[in-house]
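**Q** got a sequence here, can you model it:
(chains A and B)
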Amino acid sequence: MVRSVLILLLTIIMLLALVGCVQKYPIVTLEEIEPMKDYLPQKQYILLEEPAEINDINKVMLFLKDKDIKKAKELVSSLRNKGEKEKKLNFHDGLIAFFEKKYSVALHMLELAEIDSYKHLKYLIIGDCMYEMTIDPNYKNFTTKQILDNYQKALDYCKTEIYKEIIKMHIKYAKYGGIS
Amino acid sequence: MIKMTILFSCLIIIFTGCSIQNELIRDFNTFEKSLYYVHDSEFHSDKNNISVVIDSISAIEELPYNANVTVLKKPPIPLLFNIYTYGCELGKINYEEDLRDFLKESYVIEAYRAGNFIVNPDSLQKKKIRNEYDLSISVNELSVIGPYQYSESSNFHWEQAGPAVATCSMDFLLEDEDTILLKDNIISTQTNVFLNQSNIIKPKSFYLLREKYTVAMVEALSFTINNCIAELVEKINKYLIENEEHLEIIEVVRLDDFNSFMETTVIEGKTVEVDMEHLIVVLDDYNEVIGKLIKVDKHFVTLEYLNILNVIKRKRILEILDSNRNDIMEQALNRKDFKRVNYNSYFEVKEFK
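**A** Numbering: from 1, shown residues only, chains lettered A, B, ... in the order given. Sure thing, here's the model as predicted:
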């Protein structure tokens, strides 16, 4: 009897730990999201559209997906040493800062970043940073319009239908605080 | 005795019904949600030599200010399980934006995005424009109404919301001075399928249900406004193509122009300025170092960014900015109330000497 109660308690603790580990902004690959495309769960997904080997941004994203921020930083540091353009690296720094929940730093770095092929991701995360800062009383408040303007850009620059649906989910959170 | 029991039960029912109605009115008047939406119309980059400027938006003031709850159905005789049905209607109080400004701004953004004409021409554009038309909008209906059901017995509490129906109806008039060019009516309705119920006896969960319902209602209304404004611009586009003889493209608007335009449109809402947590230090070689302030001493300012410690010689500092790029006097760093953050470990130390 005592044993079964202990097992039950242990299971509950493990489940609670698992729930605690769930990322607010889970990074998902196209393969992972494909089966859910007809009915997307109400989550603020960040989509990794291409395999990691395509470029260093995907590599950083993959490290962040595995919650290995240290490796992501090391990669950015090595790119910096190799003389990679600072305007591009600002994007990487912004991504890392975002997943470290340093939203004002992430916002600043992403605003400085210039990277053509990832404009939709840039504005999506800028919108998310603004939303996170607005719900945190220690940060600056942004209006719904200011936040949604960035999602509007993300939506306009986005070319993938499934990513557009994901952006719309972020919009729902920003407008209604995830209660819809 | 029987008469007394019936009378007493009736009084309880009437009293419960009224108190719940008042509770619903109070709750629905506390929710304020944004109508602002993301424009999803086709982008029209070529702008012709016609301008359509919004002249007036009327009848907004006639819309109700407060949210209203009316009794639609109540049990005729006291039973064990009594269901009350209320009709909920949102008012201006439930919208974050001022309706007139919101409609005007929505039109301007949509016309800039999807219109084949110029909206709000500047002095340079005015020289190229052949005809300048005025647009008047009269709002016939801008409402969102839906049922809300409530039932309570000694051990059971149940509430159900929806589906709400949002309606946006407007007349518009396109005029060239006093000549009416186009007159039409646009209606858009949206029935929200949102429906929820609960039987948990937790007052907070019912408050949340009411808030969720308001969200669903505001979202439905936002959807109808989006539809109406998009249709209005489409109708003007169609009219100009079919009736204007000398259309000439005078401007090509790209997506980047649209983005800049969005940033310059009036921002409505509440902003509260709070100290941001990081600073930008501009060095004498115009490089910038950002980070949270860790330490300030006579010779050095130390900032932390992404677990890298940046130690900057004060002589090298040209200016110090907050994250809104407002200049902060260097002396301000010595203020005791300045936000400071302590970290125990850093991956790297960078020196700027």
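**Q** now do the helices in chain B.
**A** B:2-28, B:99-114, B:123-128, B:203-243, B:255-264 (DSSP state H).
**Q** just how off-centre is the longest one within its chain?
**A** To tie it back to what came earlier, the one meant is helix B:203-243. Put simply, helix B:203-243 sits 11 Å off its chain's centre (Cα atoms, centre = their mean, to the nearest Å).
**Q** that one packs against which elements?
**A** helix A:161-176, helix B:2-28, helix B:99-114, strand B:131-153, strand B:156-161, strand B:165-176, strand B:179-191, strand B:196-198 (3 or more Cβ pairs under 8 Å, 6 or more residues apart in numbering or on different chains; DSSP states H and E). For every residue, glycine as well, the C-beta is placed using N, CA and C.
**Q** burial check on residue 125, number of neighbours?
**A** By default, I'm working from chain A. Number of residues near A:Ile125 (other Cβ atoms under 10 Å in any protein chain shown) recorded here: 28.
**Q** um, chain B though
**A** B:Gln125 has 16 nearby residues by other Cβ under 10 Å.
**Q** just checking, it touches B:Glu251?
**A** Yes - in this structure, B:Gln125 is within contact of B:Glu251 by Cβ atoms under 8 Å, at 6.9 Å.
**Q** shared neighbours, these two?
**A** The contact sets of B:Gln125 and B:Glu251 overlap at B:Ile118 (Cβ atoms under 8 Å, 6 or more residues apart in numbering or on different chains).
**Q** could you list the low-confidence segments of the chain?
**A** Just so you know, I chose chain A. Regions of chain A meeting the criterion pLDDT under 70 cover residues A:1-2, A:5-22, A:177-180.
**Q** you answered for a different chain; I wanted chain B.
**A** B:1-18, B:77-81, B:154-155, B:193-204, B:264-277, B:306-307, B:323-325, B:329-348.
**Q** coming back round to it: make CSV out of the helices of chain B and add distance to B:Asp46.
**A** Formatted as CSV, the helices of chain B follow (distance: least, Cβ to Cβ, whole Å):
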stretch, distance to B:Asp46
helix B:2-28, 46
helix B:99-114, 11
helix B:123-128, 14
helix B:203-243, 11
helix B:255-264, 12
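**Q** A:Lys59: which of the helices and strands packed on helix B:203-243 is closest?
**A** helix A:161-176 (19.5 Å; Cβ to Cβ).
**Q** residues contacting that closest one, please?
**A** Contacts of helix A:161-176 (Cβ under 8 Å, 6+ apart): A:30, A:33-34, A:37, A:40, A:42-47, A:49, A:120, A:124, A:127-128, A:130-131, A:144, A:147-148, A:151, A:154-155, A:158, A:178, A:180, B:33-34, B:36, B:38, B:215, B:219.
**Q** starting at the chain centroid, how far to that helix?
**A** Distance, centroid of helix A:161-176 to centroid of chain: 13 Å (Cα atoms, centre = their mean).
**Q** could I get the buried residue list for it?
**A** Within helix A:161-176, the residues scored as buried using 16 or more other Cβ atoms under 10 Å in any protein chain shown are A:162-163, A:165-167, A:169-176.
**Q** what's the angle from that helix to helix B:203-243?
**A** For helix A:161-176 against helix B:203-243, the angle between stretch directions is 120 degrees (axes from the mean of the first three to the mean of the last three Cα atoms, to 10 degrees).
**Q** got the CA positions of helix A:161-176 in CSV?
**A** Taking Å, rounded to 0.1, in the frame of the first residue of the first chain, the C-alpha atoms of helix A:161-176 are listed here in CSV:
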residue,chain,number,x,y,z
GLU,A,161,1.1,28.8,-45.0
ILE,A,162,1.7,26.7,-41.8
TYR,A,163,4.0,29.4,-40.4
LYS,A,164,1.2,32.0,-41.1
GLU,A,165,-1.1,29.9,-38.9
ILE,A,166,1.5,29.8,-36.2
ILE,A,167,1.9,33.6,-36.4
LYS,A,168,-1.9,34.0,-36.0
MET,A,169,-1.6,31.9,-32.8
HIS,A,170,1.0,34.4,-31.5
ILE,A,171,-1.4,37.2,-32.4
LYS,A,172,-4.2,35.6,-30.4
TYR,A,173,-1.9,35.4,-27.3
ALA,A,174,-0.8,39.1,-27.8
LYS,A,175,-4.4,40.3,-28.2
TYR,A,176,-6.1,38.2,-25.5
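**Q** B:Lys350 - how many residues pack around it?
**A** Residues near B:Lys350, counting by other Cβ under 10 Å: 14.
**Q** mind checking how far the residue lying closest to it once chain neighbours are set aside is from chain A?
**A** Nearest non-adjacent residue to B:Lys350, counting by Cβ to Cβ, 6 or more residues apart in numbering or on different chains: B:Asn310, 5.0 Å away. Distance, B:Asn310 to chain A, using Cβ to the nearest Cβ, to the nearest Å: 13 Å.
**Q** just to check, B:Asn310 is in contact with B:Lys353?
**A** No - if you go by Cβ under 8 Å, B:Asn310 and B:Lys353 don't touch, sitting 11.4 Å apart.
**Q** show me the contacts for B:Ile250.
**A** B:47-49, B:118, B:125, B:128-129.
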